[in-house]
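Student: predicted model follows, preceded by the sequence.
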Amino acid sequence: MSQRLAELAATTDLAADPVGFASDPWWLILFKAVLVFAFCVVMTLFAIWWERKVVAWMQMRIGPKHVGPQGLLQSLADGVKLAFKEDIIVKAADKPVYILAPVVSMVPAFMAFAVIPMGGQVSMFGHQTHLQLTDLPVGVLYILATASVGIYGIVLAGWSSGSTYPLLGSLRSTAQMISYEVAMGLSFAGVFLYSGSMSTSTIVGQQGDTWFAVLLPVSFIIYIVAMVGETNRAPFDLPEAEGELVGGFHTEYSSLKFALFFLAEYVNMVVVSSLATTLFLGGYRAPWPITAVWDGANSGWWTLLWYFLKVQLFLFLFIWLRGTLPRLRYDQFMRLGWKVLIPTSLVWLMLIATVRAMKNEGYDYRGIVLGIAGAIIAILVLSVVWDMFRGTDDEEEKAKAAQPPPGAPGAAEPFDPMAGGFPVPPLPGQELPPVPRRAVRRAEPVGAMVGNGNGTGSADDESATDATDKEV
Amino acid sequence: MTEATVGVGIGADQLDTTDMVLNIGPQHPSTHGVLRLRLVLDGERIITAEPIIGYMHRGAEKLFEVRDYRQILVLANRHDWLSAFANELGVVLAVERMLGMEVPERAVWARTLLAELNRVLSHLMFLGSYPLELGAITPIFHAFRDREEIQAVMEEISGGRMHFMFNRVGGLKEDLPAGWLGRARAAVAGVRGRVPVLRDLVHGNEIFRARTKGVGVLSRETVHAYGVSGPIARASGVDFDLRRDEPYLAYGELTDVLRVVTREEGDCLARFSCLIDQVEVSLDLADACLDRLETLPPGPINLRLPKVLKAPEGHTYAWTENPLGVNGYYLVSRGEKTPWRLKLRSASFNNVQVLSELLPGTLVADMVAILGSMFFVVGDIDK
């Protein structure tokens, strides 16, 4: 394996790593850390603005446009306003945990960013360095760990609020974390198997020829679903579920603490998007048609642009989902996680492992690929056929069937309005028995006692054939 | 809170889950108004549900008794603020019937038209807000764009966007403006053209169907027992529509256009699809009314009334098919200029009562789906 790695590294221009991460002087590391932090915060402000704009376009609105050019500073203004709001700590709250929870939620989101490769090797203050704070041999595991810690913030926030809605929200969040981390981890495992490394920079380096999104489409899709679930975003925003739990875990939070949750959510979005870019979309490498015509696309600061664009692509996906889909129900969401994503990723992982093993044994690569592609296509065809058959008993058909045909049973038998125990009006084709009318006892003024004049008139007693009742 | 000490050999009796009481509302995003539900939960499953109403009780019926018939309209169109025109209609029908008043034909057709446009307005509101409660934030803007178009023509004739106050005893307030029929026709055509958008965006959505199909099934027996009416009852297979079964206004002559939309399933999806189909039927009816209005000879649209309008002694019950269900006014007059009693039977009041039957056994998330599909207006519940 290590031989292969060396070969791969030699073939790709950037993975050949002339400058190690250890060579950075301390002040450069500090500078990069501040840069990463600033990047996260600015991306949050930008993502909020972009989300509001995109969703507004989808909803035929304009979106924020007053603060700053095109409303770009709107989220900054909102953030400042939020910080100056009154900070309310509810009486029933478990105060230390209540205060700690937003911090617990936010810090890991930033921490995860340390191992994200945002670009290739650049020159910074005369030093050759990577656009990545640090590189761990187990970088992806580190991200998984920090992401899990971040969810503790949500769980603790809900629990410590001492209120019903947040409690339900945090319970949901716990379950969500448990079920989606598994699928997420399994989708990573596919990448690990293929790249032979858990280091983010090596994984990017391995995608010089083909993105893992192409090689491992199933892992890619599973990760996309899991990352939306992991960040509590629509349609998987069950812990906050506005229509159900008001605000979910952050119902009782206000001011800066609420802002921290908000910040954490968006930083998390950027983190998982970056991770998706790194693991599946070739990281900071330029996409194929560009590299074909321009050799310098994968060098220097340009790499930051490709990284940024790919992250934006994922952020757009998040926004798009939010603008389009309703929220899943809690149990449906769990079912998706446990009964679809996890089994699928297990099977897929077996498949990858088999292919790798067979390749190591020297089997023909093309034969393996063809066989597997055939199996996948067969499954897809089966599912399409299944969908088509299921589509025939669609609801429109049922609606048609629901309309009683003329002369339906019931038309022949005499109509008994009290048959079901309650007086009901006749169905089409049925006729009411004639209603005995009380004789008019005295000459009445014009108009009085018109209508259904038996005087007992509750709505259900009204007889539907009373001709005198007809207006005009 | 009960305390459980966990030790070796602990029995199930000491590790019982405790039920949680959750108050949904009076201020909650899903109750759009001040309906309050007192839920007892075991985990996320609802054990009992009790709608607590009356936060918006305004004493409408009592207020009716100290106002003359012209003033009553202002109050009467407010209880269901989404169908103001239909609410006014019940009052004027009752008073006109008491007076034995023959309303001009143009007024009858114009009223029918406006009642149907009002129905579209109300339905579109729920078609937009229901997905919103299920977490889809976009459809409501599409629904509101369509609403806006119809609201523009309603505003043009009445000056109002919500409380139209266009009905008068004996007809309508004013004649329709010149060229209005054409603009109304354009609005109807525009909305009809965009109903498929809502259908595709919401009704065809997999998640939406999963959230609503088979959820909150309302049986026909329960519908009868609780006096549920309107699209909710029809979605449970109760084929009852006053427009067809006891025609008022011009509905008697529209039988070829009027199609009563029913579904058999009785679940949230059926209620929603009933509503969508009813919008289309209402648009057809509006078109038919527009056709007829164009061919009618010019004539008055209201009647001159005496300065003091007194309904003769007697009583009558006028009920109409409001957008949300059967809306009835029981008018008892002692021959004075105010009614002695004007009982209001509002649709939502009866419709939300079934919640206590529908909700137990469902999840909190289903509660939102069911609550939203009961299509209620809190003012219509609390009167």
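Tutor: Now that the structure is in, tell me what you want to look at.

Student: for residue B:52, grab phi and psi.
Tutor: phi -110, psi 120 (degrees, to the nearest 10).

Student: could you measure from it over to chain A?
Tutor: The gap separating residue B:52 from chain A is 16 Å, by C-beta to the nearest C-beta, to the nearest Å. In short, each C-beta sits where N, CA and C put it, glycine included.

Student: again with residue B:51
Tutor: Distance from residue B:51 to chain A, by C-beta to the nearest C-beta: 17 Å.

Student: assign a three-state SS to that residue, would you?
Tutor: strand (DSSP: H, G, I helix; E, B strand; the rest coil).

Student: what bridges to it?
Tutor: residue B:37 (DSSP bridges).

Student: wait, it sits on residue B:34?
Tutor: No: using C-beta atoms under 8 Å, residue B:51 is not in contact with residue B:34, being 11.6 Å away.

Student: give me the more crowded residue out of those two.
Tutor: For residue B:51 and residue B:34, the more surrounded residue by other C-beta atoms under 10 Å in any protein chain shown is residue B:51, and the numbers stand at 21 against 18.

Student: who touches the more buried one in this structure?
Tutor: Residue B:51 is in contact with B:35-37, B:352-353, B:355-356, counting by C-beta atoms under 8 Å, 6 or more residues apart in numbering or on different chains.

Student: looking at those residues, which are in strands?
Tutor: Among these, the members falling in strands (DSSP state E) are B:36-37.

Student: just flag the most distant two among the contacts of residue B:51.
Tutor: For those, the farthest-apart pair by C-beta to C-beta is B:36 and B:353; their separation is 14.1 Å.

Student: of the contacts of residue B:51, buried ones?
Tutor: B:35-37, B:352-353, B:355 (16 or more other C-beta atoms under 10 Å in any protein chain shown).

Student: now, among these, which is nearest to residue B:259?
Tutor: Looking across the buried ones among the contacts of residue B:51 and measuring by C-beta to C-beta, the closest to residue B:259 is residue B:352, at 27.1 Å.

Student: need the pLDDT of the closest one.
Tutor: Predicted confidence (pLDDT) for residue B:352: 87.

Student: so how far is chain A from it?
Tutor: Taking C-beta to the nearest C-beta, one finds residue B:352 at 16 Å from chain A.

Student: my guess is that residue meets residue B:375, correct?
Tutor: No: applying C-beta under 8 Å, one finds residue B:352 not in contact with residue B:375, separated by 9.8 Å.

Student: low-confidence ranges, the stretch 1-150 of chain B, go.
Tutor: B:1-18, B:25, B:27, B:29-32 (pLDDT under 70).

Student: distance-wise, check residue B:103 relative to chain A.
Tutor: 6 Å.

Student: would you map the strands across chain B?
Tutor: Counting by DSSP E, the strands of chain B are B:20-24, B:36-42, B:45-52, B:167-168, B:171-172, B:314-322, B:325-333, B:341-345.

Student: run a quick neighbour tally on the closest residue to chain B within the stretch 51-200 of chain A.
Tutor: Using C-beta to the nearest C-beta, residue A:59 is the residue of the stretch 51-200 of chain A that sits closest to chain B, at 3.9 Å. Residues lying near residue A:59 (other C-beta under 10 Å) number 18.

Student: count of neighbours near the closest residue to it other than its chain neighbours?
Tutor: Leaving aside its chain neighbours, residue A:59 sits nearest to residue B:141 (3.9 Å; criterion: C-beta to C-beta, 6 or more residues apart in numbering or on different chains). Other residues near residue B:141 come to 16 when the count uses other C-beta under 10 Å.

Student: what does residue A:145 give?
Tutor: 14.

Student: sec struct for it, please.
Tutor: Per three-state DSSP, residue A:145 ends up helix.

Student: what's the pLDDT at it?
Tutor: Reported pLDDT for residue A:145: 88.

Student: any idea how far it is from residue B:320?
Tutor: 64 Å (C-beta to C-beta, to the nearest Å).

Student: so who does residue 155 touch?
Tutor: Because you didn't say which chain, this covers chain A. A:170, A:173-174, A:177, A:249.

Student: actually, chain B is the one I wanted.
Tutor: residue B:161.

Student: look at it and report its pLDDT.
Tutor: 91.

Student: any idea how far residue B:187 is from it?
Tutor: 11 Å.

Student: hmm, back to that, for PyMOL, write the select line for the buried members of the contacts of residue A:155.
Tutor: The buried subset of these, as determined by 16+ other C-beta under 10 Å, is captured in PyMOL by this line:
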select buried, chain A and resi 170+173+174+177+249
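
Student: give me the subset of the contacts of residue A:155 that lies in helices.
Tutor: A:170, A:173-174, A:177 (DSSP state H).

Student: in CSV: these, plus distance to chain B and pLDDT.
Tutor: Formatted as CSV, the ones in helices among the contacts of residue A:155 follow (distance: C-beta to the nearest C-beta, whole Å; pLDDT from 0 to 100):
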residue, distance to chain B, pLDDT
A:170, 12, 84
A:173, 13, 81
A:174, 12, 80
A:177, 17, 78
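
Student: that older thread, for the residue of the stretch 51-200 of chain A closest to chain B, give me phi and psi.
Tutor: Per degrees, to the nearest 10, the backbone of residue A:59 is at phi -110, psi 20.

Student: circling back to that earlier point, which among the strands of chain B is found nearest to residue B:137?
Tutor: strand B:20-24 (20.4 Å).
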